[in-house]
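>>> here is my input, please return the structure:
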Amino acid sequence: MIAAGLLVLKHRPREESRKFVNVAVLEGDRIKIVDEAAAASITDCPALISSMIGFDTQEGADGTTSILVQLALSMRKHGRGGILLVVPPDSDAWRESIVQPINYAVNPPYTELADLVAGGRGDVDRHDWLETVARAVDAIAGLTAVDGATVMSNRYEVLAFGAKIGRRRGAPQVEQLVVTEPVEDSEAAWMHPGQLGGTRHLSAAQFVHDQPDATALVASQDGRFTIFAWSECDQAVHAHRVETLLL
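Numbering: from 1, shown residues only. The predicted model follows:
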């Protein structure tokens, strides 16, 4: 039971697994059944979506859930809403879509989580290591509660927070995106970003439109969670509604 009238059915994918994945969400008289085949049905589905849905890949060999999945869960948990922009490492192209100067540029980058992931558990006690990773994840997710976006490389190095997203000079304004939800009987819909959510959603969609190598994770205060990624097949920003997977 998550809240009054909100029930989540979970499943342990393997007997030895400590993790559970969502099977269905019952909210009032609405039932959403998670579609395991949703990731496979999207040709250029981000790996993050696959790791959220994938019943066989939810837990890594070292006992961790995908780091980005943990970040999404932590962002949603703090309840203040936020944006996490995940950008390619060793490139400053993302700065072209950020209003300068950046309120809180992190130089040198904050690398605690990156170092933990790169170094692995080694000889450290498994429980202690997982707790350390969880604290590092919560620290980064906490930054997303600050007004503006948090920018992190896909190696988990924090580059900035409190950053204001702006349209890249010379880039067109994003007018449409495709929206999907990984539940049965859900169909893709095309809409203006403003129809999906507020300023956060519009800003994140514009950022990914300008920076197609980036991914944007957006948590709403009402519990909704959307992942924005560029779709080569549709030649448009794809908004993946995934709150059903994070309850």
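>>> please make it C-alpha for all contacts and neighbour counts, starting now.
Will do.
>>> find the centremost residue of this structure, please.
residue 217 (3.7 Å; CA atoms, centre = their mean).
>>> you'd agree that one is in a strand?
Yes. Assignment of residue 217 by DSSP: H, G, I helix; E, B strand; the rest coil places it within a strand.
>>> could you double-check that it sits in contact with residue 226?
Yes. Between residue 217 and residue 226 there is a contact under CA atoms under 8 Å: 6.1 Å.
>>> if we go by neighbour counts, what in the longest helix seen in the chain is buried?
Ordering each helix of the chain by length in residues (DSSP state H) puts helix 126-143 first. The neighbour-count check on helix 126-143 (16 or more other CA atoms under 10 Å) flags 129, 130, 133, 134, 136, 137, 138, 140, 141, 142, 143 as buried.
>>> in this protein, which spans are helices?
38-41, 47-53, 67-78, 112-119, 126-143, 193-196, 199-210, 243-246.
>>> for this structure, which spans come out with low pLDDT?
13-19, 39-47, 50-51, 53-65 (pLDDT under 70).
>>> on that earlier part again, for residue 106, which of the helices of the chain is the nearest?
Nearest to residue 106, of all those, is helix 126-143, at 11.8 Å by CA to CA.
>>> sorry, back to before: which one of the helices of the chain is the most hemmed in?
Comparing the helices of the chain on average neighbours per residue, with mean count of other CA atoms under 10 Å, the densest one is helix 199-210 at a mean of 24.
>>> return the distance of that one from the chain's centre.
14 Å (CA atoms, centre = their mean, to the nearest Å).
>>> list the contacts of it.
82-83, 85, 97, 165-168, 171, 173-174, 177, 193-194, 214-218, 228-230, 236-237, 239 (CA atoms under 8 Å, 6 or more residues apart in numbering).
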